[in-house]
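[1] pasting the structure only:
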Ligand SMILES: Nc1ncnc2c1ncn2[C@@H]1O[C@H](COP(=O)(O)OP(=O)(O)O)[C@@H](O)[C@H]1O
Ligand SMILES: [Mg+2]
């Protein structure tokens with residue numbers, strides 16, 4: 001774990017030193033693994049282009065498992081609500097109709113790495129978390145789900161399990177209720193809380209009615225039941241979560257997922273706090289670290305430094 005600490009510090013120093021260099025477009029950054037996979041679908045309404053940047057690193061070490069493809073999706077299509085989403089143009093990269101948007105390539109690279117990991121382990125349900133608020137968990141979860149859903153025939157479910165500070169419904173431009181909390185309280189079934197919008201293969205469960213004791217609710221057996229019921233219907237399930245250091249919800253949620261993706265905000269997340277977040281998930285497989293909001297002035301050495309430390313230090317459960 002000390003390497004995570006060292007890597008964050010090292011990259012912060014290097015980034016600070018490179019701040020006088022001209023900015024590079026996101027596409028100038030070299031992905032380590034092949035980027036796009038599968039067929040892209042481009043039939044979404046054109047919106048203003050976004051300027052996010054995210055860099056991802058991933059490693060996995062579990063034995064090989066074949067991933068099952070989703071069975072007959074008819075129950076979802078016929079029973080979940082078709083909504084008119086109005087996605088935020090600045091944050092929902094894959095709805096803006098511009099495949100050259102900055103940040104999109106990084107999400108394609110992240111997707112490739114997750115598929116690569118899935119060749120070695122059972123991996124369908126991924127918890128996206130970070131140490132603190134505002135580091136880009138929801139941004140990463142939403143865009144990862146979108147890039148996964150753009151592959152032909154891949155059904156993806158995005159769940160807003162941040163019952164304390166839900167944001168995905170705002171990003172997608174839809175309602176938050178009914179949602180996860182309503183299922184967990186027993187008032188709705190799984191299809192009643194699920195939405196679909198204009199992106200054919202992307203499904204969404206919002207946070208639901210606001211509750212006073214979120215940690216107790218996510219600890220309930222109903223969360224496991226929900227995951228068991230939904231798992232056969234999707235190729236990927238991406239779960240957004242509250243920050244890991246201040247509250248326990250994320251580590252409870254992680255137990256229902258096969259892998260955890262940790263987001264750290266470049267030049268913002270203190271290295272020791274990022275390390276504490278990792279420790280919260282010491283029983284889970286860390287499938288990757290997303291360094292969000294990087295300054296593309298950072299040089300190639302910094303980029304590979306991150307990638308190397310993840311591959312060397314997160315392959316095994318600690
Ligand atoms: N790489 C990025 N580029 C542009 N905006 C971003 C980026 N990452 C996060 N944001 C924005 O920053 C704010 C906080 O991000 P969010 O994903 O909601 O954080 P968290 O879920 O960790 O609390 C949101 O308005 C989000 O859209
Ligand atoms: Mg969030």
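    Thanks, I have it. Just so it is clear, the model here is predicted, and its values are computed rather than measured. Ligands and ions are numbered 1, 2, ... in the order given.
[2] CA atoms for contacts and neighbours, from now on please.
    Noted.
[3] if I look at residue 268, how far off is residue 124?
    In this view, residue 268 and residue 124 are 30 Å apart by CA to CA, to the nearest Å.
[4] and what of residue 219?
    Taken as CA to CA, the span from residue 219 to residue 124 is 20 Å.
[5] more neighbours, the two?
    residue 124 (22 against 16; other CA atoms under 10 Å).
[6] can you pull the contacts of the closest residue to the more buried one other than its chain neighbours?
    In this structure, residue 124 finds its nearest non-sequential neighbour in residue 236, 4.8 Å apart by CA to CA, 6 or more residues apart in numbering. Listed by CA atoms under 8 Å, 6 or more residues apart in numbering, the contact set of residue 236 reads 124, 125, 126, 145, 148, 154, 155, 156, 157.
[7] Surely the first one touches residue 233?
    Read it as residue 124. No. Between residue 124 and residue 233 there is no contact under CA atoms under 8 Å: 11.0 Å.
[8] Quick one: the strands in the stretch 1-150 of the chain, in order.
    With DSSP state E, counting those that start in this stretch as the criterion, the stretch 1-150 of the chain has strands at 54-57, 81-82, 125-130.
[9] give me the low-pLDDT residue ranges for the stretch 201-318 of the chain?
    Residues of the stretch 201-318 of the chain that meet the criterion pLDDT under 70 lie in 296-318.
[10] so how far is residue 264 from the residue nearest to residue 200 when sequence neighbours are not counted?
    Nearest non-adjacent residue to residue 200, counting by CA to CA, 6+ apart: residue 149, 7.8 Å away. Using CA to CA, residue 149 is found at 24 Å from residue 264.
[11] So the two - more neighbours on which side?
    residue 264 (30 against 24).
[12] Could you tell me whether the more buried one really is in a strand?
    Yes. Membership of residue 264 in a strand is supported by DSSP: H, G, I helix; E, B strand; the rest coil.
[13] Contacts only, for it.
    By CA under 8 Å, 6+ apart, the neighbours of residue 264 are 130, 131, 135, 136, 274, 289, 290, 291, 292.
[14] Looking at neighbours, which among those is most surrounded?
    Highest count within the contacts of residue 264 by other CA under 10 Å belongs to residue 130, 32 neighbours.
[15] If it is in a bridge, with which residues?
    Beta bridges link residue 130 to residue 263 when assigned by DSSP bridges.
[16] ok, now which ones touch it?
    Counting by CA under 8 Å, 6+ apart, residue 130 touches 137, 242, 243, 244, 245, 262, 263, 264, 274, 277.
[17] can you tell me which two in these are farthest apart?
    By the measure CA to CA, 242 and 274 form the most distant pair in the contacts of residue 130, at 14.4 Å.
[18] gap between residue 197 and residue 142?
    According to CA to CA, residue 197 stands 13 Å off from residue 142.
[19] higher neighbour count, the two?
    Using other CA under 10 Å as the criterion, residue 197 and residue 142 rank with residue 142 on top: 28 against 19.
[20] Isn't the more buried one up against residue 167?
    No. Counting by CA under 8 Å, residue 167 is not a contact partner of residue 142; they are 9.9 Å apart.
[21] ok, how many other residues are close to whichever residue of the stretch 151-300 of the chain sits closest to ligand 1?
    Closest contact between the stretch 151-300 of the chain and ligand 1, by CA to the nearest ligand atom, is at residue 293 (4.3 Å). Residue 293 has 19 neighbours, counted by other CA under 10 Å.
[22] my read: it touches residue 266, true?
    Yes. In terms of CA under 8 Å, residue 293 counts as a neighbour of residue 266; the distance is 5.6 Å.
[23] Helices along the chain, start to end?
    For the chain, the helices defined by DSSP state H cover 2-17, 74-79, 104-118, 137-149, 168-172, 180-184, 214-218, 221-230, 249-254, 271-280, 300-313.
[24] quick one: which of these is nearest residue 85?
    Among the helices of the chain, if distance is taken as CA to CA, the winner is helix 168-172, at 5.9 Å.
[25] Buried residues, that closest one. List them.
    168, 169, 171, 172 (16 or more other CA atoms under 10 Å).
[26] Tell me the one among the residues you listed nearest to residue 95.
    Closest approach to residue 95 among the buried residues of helix 168-172 (CA to CA): residue 172, at 9.5 Å.
[27] For that closest one, give me its contacts.
    Here residue 172 is in contact with 85, 86, 87, 88, 92 (CA under 8 Å, 6+ apart).
[28] ok, 6 Å please
    Each residue near residue 172 by CA atoms under 6 Å, 6 or more residues apart in numbering is listed here: 85, 86, 87.
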